[in-house]
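Visitor: Sequence and predicted model, in that order:
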Amino acid sequence: MTSTVETPESTPPATPAPVPAAVARTGWGGLLLRIHFYAGILVAPFLVVAALTGLAYTVTPQLDRIVYGEQLTVDSVSETARPLAEQVTAARTAHPEGTLASVAPGDGDVTTRVVFDVGDPADRQHTVYVDPYTGAVKGTLTTWFGSTPVTTWLDDLHRNLHLGVVGRYYSEAAASWLWVLVLGGIVLWWRRQRTAAGRVRRLFGPDFAARRGVRRTRGWHAATGLWLAVGLLLLSATGLTWSRHAGENFGAGLDALDSRTPEVSTTLPDTAAPSGESGHHGGGNTGHATAIDPAAVDRVLAIARGTGLDGPVEITPAADARSAWTVAQVDNTWPVRKDSVAVDPAAGTVTARSDFASWPLLAQLSGLGVQAHMGLLFGPVNQILLAALALGLLCVILWGYRMWWLRRPTRAGRRAPGRRRTRAGGRGGRCPPGASSSAYPSPSPSAGHYPSSA
């Protein structure tokens, strides 16, 4: 008997389901999503540090008043101030070391600042504070470009974590990636909400109807980031101008466009000044404490005031006998006053002038941006806005971490963002964008990129 072996009919392979056209168009969106997600994971710790240290820096004007009120302010205000020559002489008596670097006359309840260069390699100077109405010395502080020790310490903490050159890489990484994450998040969030009903409201506000969990957290994360976007972009742009490598490139770009901040020329018309006039033009970097005639300070200030330089100013002695003195406005509050003149006290003339209105546009914008970044441009309002940006950024990052925790890949059924999933029945394909992605308009590690659960 011949046995017959029946071969079971083979099952035809399953045909993969066609990928919808809407999903096929999300290739670049998926790439942007991954960049936003992984860059956020790596950069968020740096942004947390920058936000916390920046938040501390916003209150430095108030801290200075509390810690150094004795040096910075006077006990009582009189109608007439003592001559600057008398104040400089009092400061020199209290601090005989170093060379006179600058004088900032006091006004109102603010003391006069007499700054001496002591040859510190870190650009630290000694500032003597003098009561402009009595000529009494109020104290001496070690300053850095006019900043008090507390402000200098917080500034270094924000810029480099007190780690020197190495620490500057942290702030450069934060500023360099911040704008990428913000713009990428805006695009991702818009793509997610563009077809939703009431998309304007959903773009700028969280979905309060969503249940507690990932959906609501994502709404707060995205909407808050969108509100903060303009401020964060400005902080990123202005922060990069101070960074190590990007700052050098920015400076090179300003040079190429001839947009550097102009410096007033201090070269005297007659460079062959007699040596006997060194008392008026000498000092600065000569290294002789008696090289500058204190009476010249009053003459220089009077000449500068006559040219329209009002408000707070800083007087810088001549570098040598062939150079002029400079007087520059230092009002960094809007509307700023940043004009400067070069003065020859012996001849009683102004030899050069530089007005803020005549600066190149990029120089004006970069100068204003720096003052806004430091919280000075709009006074207390500027400080409040910076504090709100810092707190808002911290909240956005916290919400991003919360989404990562709720959708962490170690949980069952979770997967890394952007990877394929296997559907029932052996059919494979990419997840629809609404199920596999979410947008985060802020520089934070948002793991809401995993498929959302019902």
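Guide: Perfect, I can see it now.
Visitor: so how many other residues sit close to residue 85?
Guide: When counting by other CB atoms under 10 Å, one arrives at 15 neighbours for residue 85. In this view, the C-beta of every residue, glycine as well, is placed from N, C-alpha and C.
Visitor: Residue 347: how many residues sit nearby?
Guide: Here the number of neighbours of residue 347 (other CB under 10 Å) works out to 16.
Visitor: can you pull the pLDDT of it?
Guide: Looking at residue 347, its pLDDT stands at 92.
Visitor: what about the stretch 301-450 of the chain, any weak spots by pLDDT?
Guide: Low-confidence segments of the stretch 301-450 of the chain (pLDDT under 70): 410-450.
Visitor: give me that answer again for 90
Guide: The model of the stretch 301-450 of the chain has pLDDT under 90 over residues 321, 400-450.
Visitor: That one: strands as residue ranges?
Guide: Here the stretch 301-450 of the chain has its strands, by DSSP state E, counting those that start in this stretch, at 313-316, 325-329, 340-344, 349-354, 421-422, 428-429.
Visitor: mind giving me the domain ranges of this structure?
Guide: Structural domains of the chain, as assigned by automatic domain parsing, span the residue ranges 27-58+163-255+382-421+428-436, 69-147, 262-268+277-358.
Visitor: Residue 373 is nearest to which of those domains?
Guide: The closest of these to residue 373 is domain 27-58+163-255+382-421+428-436. By CB to CB, the value is 4.1 Å.
Visitor: can you count the residues close to residue 63?
Guide: 15.
Visitor: Just give me the neighbour total for the residue nearest to it when sequence neighbours are not counted.
Guide: In this structure, residue 63 finds its nearest non-sequential neighbour in residue 150, 5.4 Å apart by CB to CB, 6 or more residues apart in numbering. When neighbours are counted by other CB under 10 Å, residue 150 registers 15.
Visitor: Toward the C-terminus from the helix or strand hosting residue 150, list the very next helix or strand.
Guide: Element membership for residue 150 (DSSP states H and E) is helix 149-160. Downstream of helix 149-160, the next assigned helix or strand under DSSP H and E is helix 168-193.
Visitor: If I take that following helix and helix 149-160, what angle do their directions form?
Guide: Orientation of helix 168-193 against helix 149-160 (axes from the mean of the first three to the mean of the last three CA atoms, to 10 degrees) gives an angle of 60 degrees.
Visitor: So for helix 168-193, mean pLDDT?
Guide: Helix 168-193 comes out at a mean pLDDT of 90.
Visitor: Check which helices and strands it sits against.
Guide: Counting contacts by 3 or more CB pairs under 8 Å, 6 or more residues apart in numbering; DSSP states H and E, helix 168-193 packs against helix 27-57, helix 149-160, helix 199-204, helix 214-240, helix 245-256, helix 433-436.
Visitor: Please tabulate those in TSV, including the columns distance to residue 116.
Guide: Below are these laid out as TSV (distance: least, CB to CB, whole Å):
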stretch	distance to residue 116
helix 27-57	26
helix 149-160	16
helix 199-204	54
helix 214-240	31
helix 245-256	29
helix 433-436	64
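Visitor: of the ones you listed, which approaches residue 94 most closely?
Guide: For residue 94, the closest of those is helix 149-160, at 18.1 Å, according to CB to CB.
Visitor: Now the closest one - C-alpha only, PDB.
Guide: Extracted in PDB, the C-alpha atoms of helix 149-160 (Å, rounded to 0.1, in the frame of the first residue of the first chain):
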ATOM      1  CA  PRO A 149      32.700  91.000  45.800                       C
ATOM      2  CA  VAL A 150      29.200  89.400  46.100                       C
ATOM      3  CA  THR A 151      28.200  90.300  42.600                       C
ATOM      4  CA  THR A 152      31.600  89.100  41.200                       C
ATOM      5  CA  TRP A 153      31.200  85.800  43.100                       C
ATOM      6  CA  LEU A 154      27.700  85.200  41.700                       C
ATOM      7  CA  ASP A 155      28.800  86.300  38.200                       C
ATOM      8  CA  ASP A 156      31.700  83.800  38.200                       C
ATOM      9  CA  LEU A 157      29.300  81.100  39.500                       C
ATOM     10  CA  HIS A 158      26.900  81.700  36.600                       C
ATOM     11  CA  ARG A 159      29.600  81.900  34.000                       C
ATOM     12  CA  ASN A 160      32.000  79.100  34.900                       C
END
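Visitor: picking up where we left off before, now the strands of the stretch 301-450 of the chain as TSV including mean neighbour count and distance to residue 213?
Guide: Below are those laid out as TSV (neighbours: other CB atoms under 10 Å; distance: least, CB to CB, whole Å):
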stretch	mean neighbour count	distance to residue 213
strand 313-316	22	57
strand 325-329	24	56
strand 340-344	26	59
strand 349-354	17	59
strand 421-422	11	21
strand 428-429	14	27
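Visitor: how about CSV for those, with distance to residue 175 added?
Guide: Output for these, formatted as CSV (distance: least, CB to CB, whole Å):
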stretch, distance to residue 175
strand 313-316, 29
strand 325-329, 28
strand 340-344, 29
strand 349-354, 29
strand 421-422, 37
strand 428-429, 40
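Visitor: Out of these, which is closest to residue 44?
Guide: That would be strand 421-422 among these, by CB to CB, at 26.5 Å.
Visitor: Quick check: nearest residue in space to residue 65, chain neighbours excluded?
Guide: In space, and not counting its chain neighbours, residue 65 is closest to residue 72: 6.7 Å by CB to CB, 6+ apart.
Visitor: which residues touch the residue lying closest to residue 53 once chain neighbours are set aside?
Guide: Leaving aside its chain neighbours, residue 53 sits nearest to residue 158 (4.0 Å; criterion: CB to CB, 6+ apart). With contact set as CB atoms under 8 Å, 6 or more residues apart in numbering, residue 158 has these partners: 50, 53-54, 56-57, 171.
Visitor: any idea where the helices of the stretch 1-150 of the chain begin and end?
Guide: Secondary structure of the stretch 1-150 of the chain (DSSP state H, counting those that start in this stretch): helices located at 21-24, 27-57, 60-67, 69-72, 84-94, 149-160.
Visitor: I'd like to check the angle between the second one and helix 149-160, please.
Guide: Note on geometry: by the same axes, to 10 degrees, helix 27-57 and helix 149-160 are set 160 degrees apart in direction.
Visitor: separation between the closest residue to residue 229 other than its chain neighbours and residue 233?
Guide: Distances taken as CB to CB, 6+ apart put residue 182 closest to residue 229, at 5.3 Å, once the chain neighbours are dropped. Residue 182 is 6 Å from residue 233, where distance means CB to CB, to the nearest Å.
Visitor: shouldn't residue 269 be in contact with residue 351?
Guide: Yes: at 6.4 Å, residue 269 counts as touching residue 351 under the criterion of CB atoms under 8 Å.
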